[in-house]
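*Asks:* Need coordinates for the following:
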Amino acid sequence: MQLCGVCSEHVPKYRCPACRIRYCSVSCFKRHKDDDSCHPVKESDSASSSSTAVSSAAQPWTVEDVLDEDSHTDKVPLQKLQQLADSEALKGLLRNPHLRRLMMSVDSAEDKAKATKDAMQEPLFVEFADQCLKIIEPTEAEHDNDEF
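*Replies:* So this is what the prediction gives:
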C-alpha cells in the first residue's frame, strides 16, 4: 500500500499534475507546493533515465492517477473505453463544434456537476451521453443485437 508523498500518513488519492508526486488531501497539496519540492517533469528528464530503470515520472498516467477512491466504483473497463473510441456514431457526434464547445465548458468548469446538469439541457449533449451509455451499459435488447 502506497502512502502520501507529503505526510506519509494516508493513502494518496491524487497526483500532482506537475511533478506527479502522490498526495492525500488539499492541505498536503498546498504544503507540497509551498515547500518548493515540486519540480515539473520535463521530457528530457525521462530521456536521461536508463532504459532499464524508468522513473515513475516517465511512466504514463493511469486511470488510478485520475480517479479518487470513491470514483473506482464507477470506473469504466478499458474494453468499454476502447469501444467508445471506436464508435463511428460517437465520432460523428464529436464532429459537431457545438458539442465540442459544450464538452470543453464542462471540462473546464469549477463545478462540474452543475456544468453537466446545464449541458444536459442541450439535446445534442443528451444524444452524446445516451450514445456513450449505449456502449458502456447496453440494455438486454442492444446486447442481444450486438451478438448477431
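*Asks:* where exactly do the strands run in this protein?
*Replies:* Residue ranges of the strands in the chain, as given by DSSP state E, are 14-15, 22-23.
*Asks:* Would you mind telling me which of these is nearest Leu124?
*Replies:* Closest approach to Leu124 among the strands of the chain (CB to CB): strand 14-15, 32.3 Å. Backbone N, C-alpha and C define where each C-beta goes, glycine included.
*Asks:* elements contacting that closest one?
*Replies:* In terms of contacts (3 or more CB pairs under 8 Å, 6 or more residues apart in numbering; DSSP states H and E), strand 14-15 is packed against strand 22-23.
*Asks:* pLDDT on stretch 22-32, on average?
*Replies:* Mean per-residue pLDDT for stretch 22-32: 87.
*Asks:* Now that stretch: buried residues?
*Replies:* 22-25, 28-29, 32 (16 or more other CB atoms under 10 Å).
*Asks:* Met94 contacts Arg100, correct?
*Replies:* Careful, residue 94 is Leu; it's not Met. Yes - the pair Leu94 / Arg100 is scored as a contact, 6.6 Å apart, by CB atoms under 8 Å.
*Asks:* Now list whatever residues contact both of those two.
*Replies:* The contact sets of Leu94 and Arg100 do not overlap (CB atoms under 8 Å, 6 or more residues apart in numbering).
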